[in-house]
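Student: Everything below, folded, please.
(one chain, ligands or ions: 1)
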Amino acid sequence: MKLLYFSIVFFLFIGCNNSEKQPPTQDKTLTIEANTVKEDRFRESYRPQYHFTPPEKWMNDPNGLLFYNDTYHLFYQYYPDDIVWGPMHWGHATSKDLIKWKHKPIALYPDKLGYIFSGSAVMDINNTSGLGTKDNPPMIAIFTYHLMEGEKAGRKDYQTQGIAYSLDEGETWTKYEGNPVIGNETNIKDFRDPKVIWHKASNKWVMSLVAGDRAKFYSSPNLKDWTLMSEFGKDKGAHGGVWECPDLFPLAVSGSEETKWVLFISTNPGGPNGGSGTQYFVGDFDGTSFTTDQKDIKWLDYGTDNYAGVTYNGLPDSTRTFIGWMSNWNYGQQTPTEVWRSAMTLPRKLTLIKNENDYLLKSYPIETINEYSYEATTHKAIKHTMSISSKNFNEMRLDFTIPGELDDFQINFTNTKENSLKIGYKKESNTFFIDRRESGKVSFEPRFAEAIHTAPGIQTTTKDMTYSIFMDASSIEFFVNGGEVVMTEHIFPDTPYTKMTFTNNGEEAIVPLKTSKIKRIWD
Ligand code: FRU
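Tutor: Residues are numbered from 1 along each chain as shown. Sure, this is the predicted structure:
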């Protein structure tokens with residue numbers, strides 16, 4: 001489906017512009033870059049109020065997540081001319097705390113080697129690349145070039161890897177003249193999404209890349225010359241679709257001295273509830289190969305809308321912070337927004353736990369979101385049910401614990417337009433669920449609301465579980481037990497939800513529930 005789309009866009013693109021694209025002298029994003037204080041700024045319907053969105057036009061994957069000099073950089077797949085996918089650029093934003101963002105000018109433009117697909121960024125502190133100096137080390141972006149002319153001609157080698165460098169902390173970029181740094185000799189057409197890390201133990205750069213149905217690992221002393229070391233995954237994990245956006249990183253196992261390596265692989269289609277999804281493997285990496293004993297398929301998020309997510313480079317090894325694209329290729333280009341399209345998930349802290357002989361990855365919003373939460377109110381249930389009204393549940397969070405053994409429960413968010421969004425748990429099937437089939441606008445694409453979405457129950461305990469729900473104008477993020485089970489979903493209510501009805505069949509009647517508002521980030 002997406003390939004077909006790539007091709008349609010290609011014809012449109014070729015039709016109007018076949019030359020190397022240069023930054024326009026009057027860059028559109030520059031005019032809105034200054035975060036102008038305006039009351040109605042970013043108040044369009046469905047505009048998330050505390051999730052990252054581009055000021056306008058199309059966005060998909062997060063790219064080049066890098067922390068440097070007290071600043072978080074977020075680059076992202078961006079098409080500045082339309083609200084559907086098109087010739088890819090890297091958009092750019094920065095933040096001091098990962099919640100409040102400043103939009104920056106476009107970082108990377110397509111050139112004669114192709115569109116700029118997903119990838120990563122590193123600080124080359126020791127100037128191994130020679131593209132900066134020891135005193136002013138380069139920031140380096142490593143990305144995939146997608147040459148539409150090649151795809152159109154029926155060739156298979158149209159994806160290659162390139163690099164670009166910035167000597168002013170990401171403000172301006174120069175493409176490396178020796179690009180591509182990895183040509184496509186493999187003739188595998190899906191050959192993309194380089195994630196580069198510095199591998200301390202062997203003193204070299206390590207790149208994870210995907211090639212169709214597997215990941216490949218390369219190494220380099222200088223980010224320019226790369227050697228293939230190994231591959232992984234042809235016979236492992238979920239293969240419902242092409243593999244995309246790998247991310248390989250070490251993570252300490254909570255409460256132990258052990259460190260494991262985690263490999264993320266996004267796959268589209270083949271996600272747990274249809275379309276796009278991100279799986280993870282827990283194993284070991286010896287500087288050359290990634291290995292794992294894992295037999296089952298593990299999903300980072302069971303909701304339909306957390307894709308192509310990766311983690312930050314440049315943070316201490318003890319912390320892993322993740323951001324995903326909060327959409328799905330099944331319908332991402334049809335969602336009912338006009339000025340911009342799609343958002344990023346809340347940034348999430350990753351923790352690895354060991355449960356018997358199994359490793360589980362938890363993901364939960366970073367603590368900073370607490371600083372944006374205010375007007376907390378605690379509500380108590382009467383006889384296993386409660387109803388709460390609010391002016392706008394869509395800019396709120398809910399935190400609660402269900403005491404005792406878990407039994408069926410349901411939270412139903414409703415509004416004056418009779419929309420209903422249901423979230424809960426079914427004991428019979430031991431599944432959590434989100435039912436957005438009547439949640440508001442759902443008919444823009446049949447696959448958006450064709451089924452109830454489910455996630456398996458918790459493995460580590462059967463009682464006293466904690467829950468958090470973060471709702472924004474067009475999303476819901478549901479976390480069970482600090483992120484042991486997660487569901488992230490797009491929603492488009494006709495008006496904000498104003499009532500919440502909670503029913504709980506559990507043994508204990510009282511469900512203390514805290515609601516808090518969340519400050520908007522755009523003023
Ligand atoms: C994932 C993806 C990547 C690719 C990019 C193109 O959503 O398909 O594999 O680099 O999007 O925009």
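Student: From the ligand, how far out is the residue of the chain positioned farthest from its centre?
Tutor: No residue in the chain sits farther from the centre than Lys383, which is 39.3 Å out by C-alpha atoms, centre = their mean. To the ligand, Lys383 is 47 Å away according to C-beta to the nearest ligand atom, to the nearest Å. C-betas here are computed from N, CA, C, even on glycine.
Student: ok, now how distant is that residue from Phe502?
Tutor: 12 Å (C-beta to C-beta, to the nearest Å).
Student: Same check on Leu300?
Tutor: If you go by C-beta to C-beta, the gap between Leu300 and Phe502 works out to 27 Å.
Student: if you count what's nearby, which of these two comes out ahead?
Tutor: Comparing Leu300 with Phe502 by neighbour count (other C-beta atoms under 10 Å), the higher total belongs to Leu300, at 26 against 22.
Student: Give me the number of neighbouring residues for Asn430.
Tutor: 13.
Student: Just give the nearest non-adjacent residue to it, would you?
Tutor: The shortest distance from Asn430 to any non-neighbouring residue, by C-beta to C-beta, 6 or more residues apart in numbering, is to Gly457 (3.9 Å).
Student: Please list all residues in contact with the one you found.
Tutor: Leu406, Tyr425, Asn430, Thr431, Phe432, Val485 (C-beta atoms under 8 Å, 6 or more residues apart in numbering).
Student: Out of the residues you listed, which one has the lowest pLDDT?
Tutor: The weakest per-residue confidence within those falls on Leu406 (91).
Student: pLDDT at Ile411, what is it?
Tutor: 96.
Student: check which helix or strand covers it.
Tutor: Taking DSSP states H and E as the definition, Ile411 sits inside strand 409-414.
Student: What helices and strands are in contact with that strand?
Tutor: strand 420-426, strand 499-504 (3 or more C-beta pairs under 8 Å, 6 or more residues apart in numbering; DSSP states H and E).
Student: Dump those into JSON lines; add distance to the ligand as well.
Tutor: Converted to JSON lines, these look like this (distance: least, C-beta to the nearest ligand atom, whole Å):
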{"stretch": "strand 420-426", "distance to the ligand": "26"}
{"stretch": "strand 499-504", "distance to the ligand": "33"}
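Student: Distance to Thr401 added to these, as JSON lines?
Tutor: Formatted as JSON lines, those follow (distance: least, C-beta to C-beta, whole Å):
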{"stretch": "strand 420-426", "distance to Thr401": "13"}
{"stretch": "strand 499-504", "distance to Thr401": "11"}
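Student: Does the ligand have contacts with stretch 56-73?
Tutor: Yes. Interface with the ligand: stretch 56-73 contributes Asn60, Asp61 (C-beta under 6 Å from any ligand atom).
Student: buried sites along the one helix or strand Ile353 maps to?
Tutor: If you go by DSSP H and E, Ile353 is part of strand 348-355. By neighbour count on 16 or more other C-beta atoms under 10 Å, the buried set for strand 348-355 is Arg348, Lys349, Leu350, Thr351, Leu352, Ile353, Lys354.
Student: which one of those residues sits closest to the ligand?
Tutor: Arg348 (18.2 Å; C-beta to the nearest ligand atom).
Student: residues in the protein within reach of the ligand, list them.
Tutor: So far as C-beta under 6 Å from any ligand atom goes, the chain lies against the ligand at Asn60, Asp61, Gln77, Met88, Phe117, Ser118, Thr144, Arg192, Asp193, Glu244, Cys245, Ala308.
Student: Worst mean pLDDT among the helices and strands packed on strand 409-414?
Tutor: strand 499-504 (a mean of 94).
Student: could you say what helices and strands it packs with?
Tutor: So strand 499-504, by 3+ C-beta pairs under 8 Å, 6+ apart, packs with strand 385-389, strand 409-414.
Student: Can you tell me the strand partners of it and which way each runs?
Tutor: In the sheet, strand 499-504 lines up against strand 385-389 (antiparallel), strand 409-414 (antiparallel) (DSSP bridges).
Student: so which of those strands is the most packed in?
Tutor: Burial of these is given as mean neighbour count (mean count of other C-beta atoms under 10 Å); strand 409-414 ranks first at a mean of 20.
Student: tell me the angle of that one relative to strand 420-426?
Tutor: Orientation check (axes from the mean of the first three to the mean of the last three C-alpha atoms, to 10 degrees): strand 409-414 against strand 420-426 gives 180 degrees.
Student: Just want the residue of the stretch 201-350 of the chain that's nearest the ligand.
Tutor: Glu244 (3.6 Å).
Student: Show me what that residue bridges to in the sheet.
Tutor: Applying DSSP bridges, one finds that Glu244 bridges with Ser266.
Student: I'd say it and Phe191 touch.
Tutor: No. Using C-beta atoms under 8 Å, Glu244 is not in contact with Phe191; the gap is 10.9 Å.
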